[in-house]
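J.: output the structure for:
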Amino acid sequence: MRRTAWGAVIGFAVTALTGCGDSSSTTPTLTTTNTSTTTTTATPAAAPASQPRTVKWVDLKAGDCLADPPPADPAVVTVPLVDCGQPHLAEAYLRAPIPVNAALADVATSQCATGFQQYTGTAPGAAKYTYTYLIDSDQDRTSDNPYPSTVICLLESANGQPLNGSAHR
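T.: Residues are numbered from 1 along each chain as shown. Presented below is the predicted three-dimensional model:
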């Protein structure tokens, strides 16, 4: 009977040692393979149109693009600005001081015509643009400032259509 017990122990030891040997000769009994593949392609998303920001029109600078036409109503004090890459209806191109006793309309027209050519590279009448202006009259008669007012020149499309991109050249 002792022989049978030792035979069982030796058989068990041989089986156990076979599992500790070189694993390259053993074949796994369970193999899982994921055959599905996921391909992700990055498509550049269009940049969302930024929302207009509101500023006081007296603070307009050259290069600011307005979502709406310049205000004709003196009670309107703010304008919506957008990136010039978006459709817009006007673009500020010049801020210039105006003398206190000048004929404002004549001086503003002259300043805007000169600034227009410098900003766009074309003469005012020969372009696809027209221009207008706003006058910030900070008429403080107590100060010794000979140029208390500012003309803000704006260009618009000659046909009234929205502009795309800046007119600056």
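J.: output the below-cut-off pLDDT ranges for this structure.
T.: 1-49, 100-102, 138-143, 146-147 (pLDDT under 70).
J.: strands of that one, start to end?
T.: With DSSP state E as the criterion, the chain has strands at 53-56, 65-66, 78-82, 90-98, 129-137, 149-157.
J.: tell me which of those strands is the most buried.
T.: strand 65-66 (a mean of 24; mean count of other CB atoms under 10 Å). C-beta here means a position set from N, CA and C on the backbone, and glycine is covered the same way.
J.: same for that strand, what does it pack against?
T.: strand 78-82, strand 90-98 (3 or more CB pairs under 8 Å, 6 or more residues apart in numbering; DSSP states H and E).
J.: to Lys61, which of those lies closest?
T.: strand 90-98 (6.3 Å; CB to CB).
J.: circling back: now the helices and strands packed on strand 65-66 as CSV including distance to Tyr131?
T.: Formatted as CSV, the helices and strands packed on strand 65-66 follow (distance: least, CB to CB, whole Å):
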stretch, distance to Tyr131
strand 78-82, 16
strand 90-98, 8
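J.: buried residues in stretch 159-167?
T.: Within stretch 159-167, the residues that count as buried by 16 or more other CB atoms under 10 Å are 163, 166-167.
J.: and for stretch 103-116?
T.: For stretch 103-116, by 16+ other CB under 10 Å, it's 104, 107-109, 111-112, 115-116.
J.: now intersect those residues with the helices, please.
T.: 104, 107-109, 111-112, 115-116 (DSSP state H).
J.: how about those, which pair is most distant?
T.: The span of those, defined through CB to CB, is set by Leu104 and Phe116 at 17.7 Å.
J.: what sits closest to Pro52 if chain neighbours are left out?
T.: Computed as CB to CB, 6 or more residues apart in numbering, the closest residue to Pro52 that is not its neighbour in sequence is Pro80, at 3.6 Å.
J.: list the contacts for the one you found?
T.: Pro80 is in contact with 52-54, 66-68, counting by CB atoms under 8 Å, 6 or more residues apart in numbering.
J.: let's see that with 10 Å instead.
T.: 51-55, 65-68, 88-89 (CB atoms under 10 Å, 6 or more residues apart in numbering).
J.: reformat these as TSV; add distance to Ile98.
T.: TSV is the format used below for the contacts of Pro80 (distance: CB to CB, whole Å):
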residue	distance to Ile98
Gln51	33
Pro52	28
Arg53	27
Thr54	26
Val55	21
Cys65	24
Leu66	21
Ala67	27
Asp68	25
His88	26
Leu89	25
